[in-house]
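> How does the following fold in three dimensions:
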Amino acid sequence: MTREVNFGLWYDFRNPAAQMGFEDFYTTTLEQIAWAEELGFDSVWLTEHHFVDDGYTPSPLVIAAAIAQKTKDLQIGTNLMLLPLADPIRLAEDAATLSILSGGRFDLGVGLGYRQVEFDYFDRQLKHRPSLMEEGIDIIRQAWSGKPVNHEGLRFHVDNLTVAPVPPTLPRLLMGGMVEPAIARAARLGDGFLSTGGIGHAEYIQALDAAGRPRSEGAIFAGHWAVISADPEKEATLIGDYALYQINQYIKWGAFGPPDQTPEFASPADALRDGLYEMHDGDSAVTALTLLLNEYPEIKDVHFWAQFPGEPFEQGNARIEYMAKNVLPRVREQITH
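Coordinates of the predicted model:
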């Protein structure tokens, strides 16, 4: 029996130095997403940050609604939204509305966040992230139950509140993280685990076992940092500066640990060699993806960065088309259940 795995694209809507006007930038990106669906991609994933001068999307759910109107079958998800910054009732309402508008094609992925400036502005404390996350998950699930929400916690108080509408198809509630407590939380409370760069797959399976959940209930949605093209060496020269910008920004923000303990990469070559990126041509990509999917049958979706920040759309389009024609059909043919 053929195993079904979705392959998707991952977007942050970053536009450094406003190289295009934001209206044109958004329009072109949405057109790229609709075209990718026509080529055979199955999913699109959006992420969230605030107060970034390159426009890193602060409003992924608004963009998700626009994508839903421009596509037919594409699964739409967030990898990820910053639940500790949100009002969980409002987030539950917005996600439910998106599920209805999209015909049940929306999945809500959430994570802790780590940027001090975001927590300061939204009047939340970094040290409260675990309780904000766990209480938020409980409130969202109650809001989608069709029953009044009642919650008495350290961070939120909700008393007999009716939340409507309840969508016919509930979004899957996915959880991301790169450290053991977050991964264990995803195994215990989530409908799936959002990974970044292959980090945490084995730990998630172990955490499912520890939580007493059967592995058949596990689901991994893999944010894969592979760059796939006909000529990886040439592609490295094309994307190097953009990849360096991307990963060094995450390092500055603390995505991979305290910035003073995580040195930035000095050059594009260093970033591509020692960062999360994998450079593949079609043959090596098929081999690597097939091995990954066979090793972890829990993987339900693999998605790739569609565009690096500031990269010309022509370059991203070329990779998307190459993957759709030369990689995805071959991987789909090889993976078996």
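
> From here on, just use CA atoms for contacts and neighbour counts.
Will do.

> Lys252: how many residues sit nearby?
A total of 17 residues lie near Lys252 under the criterion other CA atoms under 10 Å.

> three-state assignment of it?
Here Lys252 is recorded as helix under DSSP: H, G, I helix; E, B strand; the rest coil.

> Could you pull out the buried residues of the helix or strand encompassing Ala36?
For Ala36, the host element (DSSP states H and E) is helix 22-39. Neighbour-count burial for helix 22-39 flags 25-26, 29-30, 32-37 (criterion: 16 or more other CA atoms under 10 Å).

> cool, stretch 142-154 as well?
Across stretch 142-154, burial judged by 16+ other CA under 10 Å covers 142-145, 148-151.

> so can I have JSON lines of the residues you listed showing secondary structure and distance to Pro58?
Formatted as JSON lines, those follow (DSSP: H, G, I helix; E, B strand; the rest coil; distance: CA to CA, whole Å):
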{"residue": "Gln142", "secondary structure": "helix", "distance to Pro58": "26"}
{"residue": "Ala143", "secondary structure": "helix", "distance to Pro58": "23"}
{"residue": "Trp144", "secondary structure": "coil", "distance to Pro58": "24"}
{"residue": "Ser145", "secondary structure": "coil", "distance to Pro58": "28"}
{"residue": "Pro148", "secondary structure": "coil", "distance to Pro58": "30"}
{"residue": "Val149", "secondary structure": "strand", "distance to Pro58": "27"}
{"residue": "Asn150", "secondary structure": "strand", "distance to Pro58": "29"}
{"residue": "His151", "secondary structure": "strand", "distance to Pro58": "28"}
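
> Show me which of those residues is closest to Val166.
Distance to Val166, by CA to CA, is smallest for Trp144 among those, at 5.6 Å.

> okay, that closest one: pLDDT?
Trp144 carries a pLDDT score of 98 in this model.

> For Pro268, grab the count of nearby residues.
When neighbours are defined as other CA under 10 Å, Pro268 has 20 of them.

> That one touches Leu238, doesn't it?
No. Using CA atoms under 8 Å, Pro268 is not in contact with Leu238, being 10.2 Å away.
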